[in-house]
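Q: no sequence on this one, just coordinates:
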């Protein structure tokens, strides 16, 4: 499995002002002014893990509730027991845990009247983290309590963020794995990555490079966001400062993480690799490089698989077009015919409400509908006039020959093409060939092709006729509804006839 690899951490002189300005919010809750003053004196200059303490003061449980519901996030609180009532502090603790549902804040209960709140009873009944009497709470013990409380809060928040990120990872992975389109997948993956790592305001690139057989390198920006542009706009150039960092990752095959950006490199195959670039706009303190590495590696591998799949599908489609064009050329018809009928088939299938996957495969298979003509003698294919009875019987064999030829493959698209080739001259009323099928016994793909093939042929120049105008073509297919063509398909084609004619105009003979 491909893995991200980190290079040695590079030193940087960049100082993040937001990190310096951050502080730990601590709430002092006591109705005695002197307690607030002493606490301020003892803790005022204390730093924990490089952050200053910011003390907030409440002189009653009611005032504390207001502060706890403000925009501030408190890591810990010192709570007096006896304030407005003898149980005010304990009731506040219960409110914090049960009603406010805050399991994270570290609560240190301190009381000057231990008899009103016995330690053993309070610890058993209330979800507190420490219990102190005011007489024993020396400056050193108070500072120790702060170190223990803040570090405990920090660790609990880290675990909580990791659990939330893991849940989002599972949900996002389940969602994006259902997507088969390359660009759509990359966009969804990037959106979920930003949410997963709480990086909504950061700027991100996903870039893929592939080395061709001639050693040339092709690059594709799969997704982008933030200041780099819209998440679906992947056409503009990469800024030079970012370009150099991404190029360095491709060249060295290493990751880099500092306070400004994260660059993750992943080789997904012998000839392809991807880079994830994240430029931080906010404090990256909680950026989880290990999670980003795991997620990005998985995404890169899936993107690689989708890319290869699309390359195979594109090659398959182009080869089928080439074969179809070769057959049409032998019949002295233009290659544009196979392009037009393929696109028209997809349009009809979509308007019929058939699955998109079926419509897409129908477009791929359509160029082979007349492949059986390769077995028809040229003097028959190229005869300028009407075929005699014997020649017509020979011509009709192209349907069965084409079906048998393509049907040798077990691939789903080949099976679809085989049915197209074999049955596209069957008529709705049973008067067609080679088997004289009628109605819905004719495969739906062949019914669609029968209609589309005639629409395009009537609009094209032939040695024996001039192109028909659009109005005359529409009138003819309506006239043949229930005879040559399925009535429902005629109605669909009539509704989207302008779209079909636009395809003809886009790919002229």
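A: Everything's here; your move. Quantities reported herein were computed from a predicted structural model and do not represent experimental measurements.
Q: from here on, contacts and neighbour counts on C-alpha atoms
A: Will do.
Q: pLDDT below threshold where in the stretch 401-509 of the chain?
A: 462-464 (pLDDT under 70).
Q: Would you mind giving the domain segments of this structure?
A: For the chain, automatic domain parsing gives the domain ranges 17-160, 177-308, 331-506.
Q: For those, give me CSV that also has mean neighbour count.
A: CSV is the format used below for the domains of the chain (neighbours: other C-alpha atoms under 10 Å):
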stretch, mean neighbour count
domain 17-160, 16
domain 177-308, 18
domain 331-506, 18
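Q: among those domains, which gets the worst mean confidence?
A: Note on those: domain 177-308 shows the lowest mean pLDDT, a mean of 73.
Q: Not counting stretch 413-423 itself, show me its contacts.
A: With contact meaning C-alpha atoms under 8 Å, 6 or more residues apart in numbering, stretch 413-423 is reached by 361-362, 364-366, 368-372, 399-407, 409, 433-434, 442-443, 445-446, 449.
Q: ok, now with 7 Å
A: Stretch 413-423 is contacted from outside by 361, 365-366, 368-370, 399-400, 402-404, 406-407, 409, 442, 445-446, using C-alpha atoms under 7 Å, 6 or more residues apart in numbering.
Q: can you give me the offset of stretch 254-261 from its chain's centre?
A: Stretch 254-261 sits 24 Å away from the centroid of its parent chain (C-alpha atoms, centre = their mean, to the nearest Å).
Q: measure that stretch end to end?
A: In stretch 254-261, first residue to last residue: 14 Å (C-alpha to C-alpha, to the nearest Å).
Q: and if you look at stretch 40-52?
A: Taking C-alpha to C-alpha, stretch 40-52 runs 13 Å from one end to the other.
Q: For it, which outside residues touch it?
A: For stretch 40-52, contacts defined as C-alpha under 7 Å, 6+ apart pick out 22, 23, 24, 53, 139, 143, 147.
Q: okay if I get the residues you listed as a markdown table plus secondary structure and distance to residue 428?
A: Output for these, formatted as a markdown table (DSSP: H, G, I helix; E, B strand; the rest coil; distance: C-alpha to C-alpha, whole Å):
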| residue | secondary structure | distance to residue 428 |
| --- | --- | --- |
| 22 | coil | 76 |
| 23 | strand | 79 |
| 24 | strand | 79 |
| 53 | strand | 83 |
| 139 | helix | 96 |
| 143 | helix | 90 |
| 147 | helix | 84 |
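Q: Mind putting those residues into CSV with distance to residue 125?
A: Listed next are these as CSV, based on distance: C-alpha to C-alpha, whole Å:
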residue, distance to residue 125
22, 35
23, 32
24, 28
53, 30
139, 28
143, 26
147, 25
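Q: which of the residues you listed lies closest to residue 476?
A: Closest approach to residue 476 among the contacts of stretch 40-52 (C-alpha to C-alpha): residue 22, at 77.4 Å.
Q: show me the contacts for that closest one.
A: Listed by C-alpha under 7 Å, 6+ apart, the contact set of residue 22 reads residue 51.
Q: same thing but 10 Å
A: For residue 22, the contacting residues are 50, 51, 52, 53, 54, 283, by C-alpha atoms under 10 Å, 6 or more residues apart in numbering.
Q: Could you do residue 32 as well?
A: Residues near residue 32 by C-alpha under 10 Å, 6+ apart: 59, 60, 80, 83.
Q: Same check on residue 495?
A: Contacts for residue 495 (C-alpha under 10 Å, 6+ apart) come out as 348, 351, 489.
Q: Inside helices: which ones of those?
A: Among those, the residues falling in helices (DSSP state H) are 348, 351, 489.
Q: measure the last one to residue 508 for me?
A: Which is residue 489. As for residue 489, its distance to residue 508 is 24 Å (criterion: C-alpha to C-alpha).
Q: how much space between residue 487 and residue 470?
A: According to C-alpha to C-alpha, residue 487 and residue 470 sit 19 Å apart.
Q: Confirm for me that residue 262 is in contact with residue 292.
A: Yes. If you go by C-alpha atoms under 10 Å, residue 262 and residue 292 touch, sitting 9.3 Å apart.
Q: Residues that sit against both of the two, list them.
A: Common contacts of residue 262 and residue 292 (C-alpha under 10 Å, 6+ apart): 276, 278.
Q: where along this structure do the strands fall?
A: 23-29, 47-48, 51-58, 74-80, 106-111, 130-133, 203-211, 217-224, 256-257, 261-269, 272-279 (DSSP state E).
Q: List just the one of those that sits closest to residue 501.
A: The minimum distance between residue 501 and the strands of the chain falls on strand 217-224, with 34.3 Å, by C-alpha to C-alpha.
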